[in-house]
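K.L.:
need a structure here:
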Amino acid sequence: MSGDALEAVFFDIGNVLLHFNPTEVLQEVAGAVGRHPLKVAEYLWTSRKIEALERGELGTEELYRIFREELGFTGDLARFKTVWCDHFRLERRTAAILKKVAKRVPAYLLSNTHALHYEFIRENYAFPRHVRGAVLSHELGMRKPEARIYAAALKIAGVSRPGAALLIDDLELNVAAALKAGFQAIRYRGPEDLFRRLQALGVLV
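P.N.:
Here you go, the predicted structure:
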């Protein structure tokens, strides 16, 4: 399919546009609350806190309250936001690719994220300003790889048929779900590979 036939290109955020190391994040958060990283990880995941955040069921103020009351965090809200958010590293080459793509095909973000992270991303990085819109799990109450978030993405972008949409994502599970929904999809393996794949599709020259 040529780039001219594409009606929208959806970019994932985590480990596509922004890199982060979960181990380093856990160490920083654990250090802030004086707990072992494995204990913090167990708490966040077994209690479904991360999923609740990404579905918009848990807000920033509530997360801060939980960290103070249940994990013993003693800093103020500003300090909490720094600890929780200040671990991203921009993949500049992929951000440059997004900017080029957006000049040829409408570009969107499609991400499992939450309000606190996305607020930080919008304040600190330019790439959200280069897209037509963002399909965000916490705003829709649904997450990849659920089929309904891909359907919502098509509706938000006004895409006439699934095959006219392209997803770029680092997780095989999300790519497989997009393909099942009828999308075209690229498993992200770095900016050089992405550039070549987009050239092959005619999205970039």
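K.L.:
and the closest residue to Lys144 other than its chain neighbours, how far is that from His87?
P.N.:
Excluding the flanking residues, the one nearest Lys144 by CB to CB, 6 or more residues apart in numbering is Asn174, at 4.4 Å. In this view, the C-beta of every residue, glycine as well, is placed from N, C-alpha and C. Computed with CB to CB, to the nearest Å, the distance linking Asn174 and His87 is 21 Å.
K.L.:
these two: which is more packed in?
P.N.:
Taking other CB atoms under 10 Å, Asn174 and His87 do not tie; Asn174 has more neighbours (24 against 18).
K.L.:
I'd guess the more buried one is in a helix, am I close?
P.N.:
Yes. Secondary structure of Asn174 (DSSP: H, G, I helix; E, B strand; the rest coil): part of a helix.
K.L.:
so who does it touch?
P.N.:
For Asn174, the contacting residues are Asp12, Lys144, Pro145, Leu167, by CB atoms under 8 Å, 6 or more residues apart in numbering.
K.L.:
which element, helix or strand, includes the closest residue in space to the third one that isn't next to it in sequence?
P.N.:
Using CB to CB, 6+ apart and skipping residues adjacent in sequence, the residue nearest Pro145 is Ala177, 3.4 Å away. When elements are assigned from DSSP states H and E, Ala177 belongs to helix 172-180.
K.L.:
so after that helix, what's the next helix or strand?
P.N.:
Later in the chain than helix 172-180, the nearest helix or strand by DSSP H and E is strand 184-187.
K.L.:
which strands or helices does that following strand pack on?
P.N.:
If you count contacts as 3 or more CB pairs under 8 Å, 6 or more residues apart in numbering; DSSP states H and E, strand 184-187 packs onto strand 165-169, helix 172-180, helix 191-201.
K.L.:
how about residues contacting it?
P.N.:
Applying CB under 8 Å, 6+ apart, the contact partners of strand 184-187 are 1, 6, 163, 165-170, 172, 175, 178-179, 194, 197-198, 201.
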